[in-house]
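Colleague: Show me how the following folds:
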Amino acid sequence: MERTLVLIKPDGLQRNLIGEIIGRFERKGLKIIGLKMISVDDLKIEEHYGKYMDKPFFKHLKRFMQSAPVIAMVLEGVEAVSAVRLIAGATKGREADAGTIRGDLAMSMQTNLVHISDPEEDPEAEIKLFFQNKELFDYERVDLNFLYSPDELR
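Modeller: Below you'll find the predicted structure:
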């Protein structure tokens, strides 16, 4: 099973879309193994978005990400990283496909409701930045055999 990080950004909280967003991942069959509300401090912003620190938009991104709490969650499933990226849609909300979180609910590039792990940027490292091991739970899903074929679970 693969794990990935999702952050519901301050706009998701302010627009009362937390349940809608989490529900889309749950309905797909992804397993929530960690979930919490956090404030993102300067150090965490710099660690997480460090590659953008020299960009003109970084100060606005930082201010936005600190404007309200963020919902951090870890999802698990077969090919979870690509499944979550598909559900979230393209980064720029107004260009995202209908049926995706961003395509249905966002217009912006920055205020686009969710941060999702990029497979090239090490999703496991992102998880470790926001979660301690004791905050992640291993439990058996009773519907696992209805979500995947036996071959996919090997």
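
Colleague: what element comes up after the longest helix along the chain heading to the C-terminus?
Modeller: For the chain, the helix with the greatest residue count under DSSP state H is helix 18-28. Heading C-terminal from helix 18-28, the first helix or strand you meet, by DSSP states H and E, is strand 31-38.

Colleague: Show me what the strand or helix carrying residue 124 is packed against.
Modeller: Using DSSP H and E, residue 124 maps to helix 123-130. Applying 3 or more Cβ pairs under 8 Å, 6 or more residues apart in numbering; DSSP states H and E, one finds that helix 123-130 contacts strand 2-8, helix 42-48. The C-beta positions use only the backbone N, C-alpha and C, and glycine is treated the same way.

Colleague: same thing but at 6 Å, please
Modeller: strand 2-8 (3 or more Cβ pairs under 6 Å, 6 or more residues apart in numbering; DSSP states H and E).

Colleague: Report the beta-bridge partners for the spatially most central residue of the chain.
Modeller: In the chain, the centroid-proximal residue (Cα atoms, centre = their mean) is residue 6; its distance is 1.4 Å. Residue 6 forms beta bridges with residue 73, residue 116, as assigned by DSSP bridges.

Colleague: Pretty sure it sits against residue 71.
Modeller: No: with contact defined as Cβ atoms under 6 Å, residue 6 does not count as touching residue 71 (8.2 Å).

Colleague: hang on, the earlier thing: counting neighbours, which bits of the longest helix of the chain end up buried?
Modeller: 21, 22, 24, 25 (16 or more other Cβ atoms under 10 Å).

Colleague: Dump it to CSV, keeping only the CA atoms.
Modeller: Extracted in CSV, the C-alpha atoms of helix 18-28 (Å, rounded to 0.1, in the frame of the first residue of the first chain):
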residue,chain,number,x,y,z
ILE,A,18,-13.7,20.0,4.7
GLY,A,19,-16.4,17.4,4.7
GLU,A,20,-16.9,17.6,0.9
ILE,A,21,-13.2,17.2,0.3
ILE,A,22,-12.6,14.3,2.7
GLY,A,23,-15.7,12.6,1.5
ARG,A,24,-14.4,12.5,-2.1
PHE,A,25,-11.3,10.6,-0.9
GLU,A,26,-13.3,8.3,1.3
ARG,A,27,-15.8,7.5,-1.5
LYS,A,28,-12.9,6.6,-3.8
